[in-house]
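Q: sequence and predicted structure, then a few things I'm wondering about:
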Amino acid sequence: MIQFNSDHGEITVSSAVFSNITGMAATNCFGVKGMAYRSMTDGLVHLLRREAMSKGVSITYHDDNSISIELHIIVENGVNLPAVCRSIMNEVRYVVNKNTGVTVRDVDVCVDSMTL
């Protein structure tokens, strides 16, 4: 969690907020089929529903009140992977900063699978 001091008091933003904002921003990008989750029991990659998008997102907090984000996604077949990943990085950085005011230090995109 990140805490801010404002004129009206202290504001605390939880990991769930960052995960949901990040998941929605990433899945709205062109070529993204959805968020991915690798099962520990069978090792397979599963497409997550809208309600469980936060499982495909990992948030790391830093001492300077910035965050790093790691995303696991599934993309559609035939898309330009570098272009899609660059688009996701820019969109996530912009949307998280706009909605929370937190500086995003890094956005790492891991493409776990491609749909046919």
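A: Happy to help now that I have it. Residues are numbered from 1 along each chain as shown.
Q: in the top strand by length along the chain, what counts as buried?
A: In the chain, taking DSSP state E as the definition, the longest strand is strand 103-115. Applying a neighbour-count criterion of 16 or more other CB atoms under 10 Å, the buried positions in strand 103-115 are Val104, Val107, Val109, Val111, Asp112, Ser113. C-beta here means a position set from N, CA and C on the backbone, and glycine is covered the same way.
Q: ok, now stretch 86-103?
A: Within stretch 86-103, the residues that count as buried by 16+ other CB under 10 Å are Ser87, Ile88, Met89, Glu91, Val92, Arg93, Val95, Val96, Thr100, Val102.
Q: and the residues you listed as TSV, adding distance to Ser66, secondary structure and pLDDT?
A: Below are the buried residues of stretch 86-103 laid out as TSV (distance: CB to CB, whole Å; DSSP: H, G, I helix; E, B strand; the rest coil; pLDDT from 0 to 100):
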residue	distance to Ser66	secondary structure	pLDDT
Ser87	22	helix	96
Ile88	19	helix	96
Met89	15	helix	96
Glu91	18	helix	96
Val92	14	helix	95
Arg93	11	helix	96
Val95	16	helix	95
Val96	11	helix	93
Thr100	11	helix	88
Val102	7	coil	89
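Q: which helix or strand contains the nearest residue to Thr60 once chain neighbours are set aside?
A: In space, and not counting its chain neighbours, Thr60 is closest to Ser68: 4.3 Å by CB to CB, 6 or more residues apart in numbering. Applying DSSP states H and E as the criterion places Ser68 in strand 66-76.
Q: mean confidence (pLDDT) on that strand, please.
A: Strand 66-76 shows a mean pLDDT of 93.
Q: and the angle from that strand to strand 103-115?
A: Inter-element angle recorded for strand 66-76 and strand 103-115: 20 degrees (by axes from the mean of the first three to the mean of the last three CA atoms, to 10 degrees).
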